[in-house]
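sequence first, then the predicted structure, then my questions.
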Amino acid sequence: MSAAILALALWLGLWALNVWLATGPLSNRIWARMAVPLLFGITILILWEIAVRALQVPLVILPPPSQIGARFAESLPLLWGDFVQTILRGALSGYAIGCGAAFLTAIAVDRFVFLQRGLLPLASFMAALPIVGTAPILVMWFGFDWQSKAAVVVVMVFFPMLVNTVAGLAETSAMQRDLMKSWGAGYWQGLVKLRLPAAMPFIFNGLKICTTLALIGAIVAEFFGSPTLGLGFRITTSVGQLALDMVWAAILVAALAGTGFYGLVALIERGVTFWHPSQRG
């Protein structure tokens with residue numbers, strides 16, 4: 001009972017502090033905007049710790065955050081190798097290849113109208129394929145190392161990037177395109193000077209969506225075959241050993257990598273599309 005009262009009082013206090021920071025006179029300060037999600041996360045971790053220990057939840061079901069943090073700290077060299085294998089080799093390489101190929105394909109679709117009827121439905125069909133079905137096939141094709149994980153990522157990110165880029169290239173109005181033609185601009189001049197800049201918000205939207213898809217694809221692909229390292233490999237083997245603290249430590253690495261990756265793309269977007277209304281304020 002005392003633990004429940006303590007947790008409730010702590011939750012109410014931190015909730016009130018969050019509301020004050022988010023809506024009070026300091027809400028426009030940069031540090032206040034950063035403090036709100038930070039305090040919210042700390043609140044969840046503290047309540048998690050109190051609830052697990054007060055209810056005596058078995059460690060094989062849900063370990064407390066303190067134990068997960070301790071395992072994370074003592075396993076940093078091992079988790080770093082998993083990070084390099086899954087994120088840097090599998091996810092990032094597949095992300096670069098898939099998004100780059102989708103961008104070039106979108107240019108071709110925009111240039112040649114018949115591809116919109118022939119290629120886009122096919123790409124939609126490929127996007128509908130379940131990853132748990134295609135991943136084992138690609139692992140058998142490309143082997144058990146990072147190349148097969150990159151291939152899975154390419155399949156996952158290609159369609160979202162293609163659709164967003166095609167939609168962005170169609171964003172300009174007919175009047176704007178006719179004005180470029182009246183100035184003697186050809187297709188490529190109009191593309192570079194008018195349509196690509198206007199498509200940048202759509203392109204970056206696709207890039208941000210693909211950051212999470214790339215990590216998911218690389219980790220899921222490792223469930224079907226991997227060397228003796230990688231986040232997906234670490235999760236499956238740790239589950240078999242009932243080492244749930246290591247499972248959560250690997251999940252933490254993936255979450256931190258995904259957040260950082262998404263934030264980096266969003267930061268680049270802010271610099272490139274500073275003129276767009278979504279970046280103001």
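Yes, it's here. What you see is a predicted model; the values in this text were computed from it and never measured.

which element is P227 on?
In this structure, P227 sits in neither a helix nor a strand according to DSSP states H and E.

same question, L242
Per DSSP H and E, there is no helix or strand for L242.

that one - nearest residue in space that isn't next to it in sequence?
V60 (4.8 Å; CB to CB, 6 or more residues apart in numbering). (Each C-beta comes from the backbone N, C-alpha and C, glycine too.)

now that neighbour. Its backbone dihedrals?
When quoted as degrees, to the nearest 10, the phi and psi of V60 stand at phi -80, psi -10.

and for it, the neighbour number?
A count of neighbours around V60, defined by other CB atoms under 10 Å, yields 10.

these two touch, right, it and M246?
No - V60 is beyond contact range of M246, at 11.9 Å (criterion: CB atoms under 8 Å).

just the pLDDT at the residue nearest to L242, thanks.
Predicted confidence (pLDDT) for V60: 81.

do S226 as well
For S226, the predicted pLDDT is 76.

so how far is stretch 138-148 from its chain's centroid?
When C-alpha coordinates are averaged (CA atoms, centre = their mean, to the nearest Å), stretch 138-148 and its chain have centres 22 Å apart.

span of it from start to end?
End-to-end distance for stretch 138-148, by CA to CA, to the nearest Å: 6 Å.

residues in contact with stretch 57-65: which ones?
45, 48-49, 51-53, 67, 242, 244-245, 248 (CB atoms under 8 Å, 6 or more residues apart in numbering).

ok, 6 Å please
For stretch 57-65, the external contacting residues (CB atoms under 6 Å, 6 or more residues apart in numbering) are 45, 48-49, 52, 242, 244-245.

for the stretch 51-200 of the chain, which spans come out with low pLDDT?
Residues of the stretch 51-200 of the chain that meet the criterion pLDDT under 70 lie in 173-187, 190.

what about the helices in the stretch 1-150 of the chain?
2-23, 30-54, 65-74, 76-83, 92-111, 114-127, 131-142, 146-169 (DSSP state H, counting those that start in this stretch).

just how off-centre is the shortest one within its chain?
Yep, that's helix 76-83 we're talking about. Centroid separation between helix 76-83 and its chain, computed with CA atoms, centre = their mean, is 20 Å.

now stretch 13-25
That offset, for stretch 13-25, works out to 29 Å (CA atoms, centre = their mean).

could you do stretch 243-253 as well?
Stretch 243-253 sits 18 Å away from the centroid of its parent chain (CA atoms, centre = their mean).

next one: phi and psi at the one residue sitting closest to the centre of the chain?
Closest residue to the average C-alpha location of the chain: T212 at 2.0 Å, with CA atoms, centre = their mean. Per-residue torsions, T212: phi -70, psi -40 (degrees, to the nearest 10).

relative to R89, how far out is it?
18 Å (CB to CB, to the nearest Å).

with Q116 instead?
Distance, Q116 to R89, using CB to CB: 35 Å.

show me what contacts L115?
So L115 contacts 108-109 (CB under 6 Å, 6+ apart).

show me which helix runs longest in the protein.
helix 244-272 (DSSP state H).

just the buried residues of it, please?
Neighbour counts over helix 244-272 (16 or more other CB atoms under 10 Å) mark 244-250, 252-254, 257-258, 261-262, 265, 269 as buried.

tilt between it and helix 65-74?
Inter-element angle recorded for helix 244-272 and helix 65-74: 80 degrees (by axes from the mean of the first three to the mean of the last three CA atoms, to 10 degrees).

for helix 244-272, name the packing helices and strands.
Applying 3 or more CB pairs under 6 Å, 6 or more residues apart in numbering; DSSP states H and E, one finds that helix 244-272 contacts helix 65-74, helix 196-222, helix 231-240.

of all the ones you listed, which lies closest to V139?
Closest to V139 of these is helix 196-222 (CB to CB; 6.4 Å).
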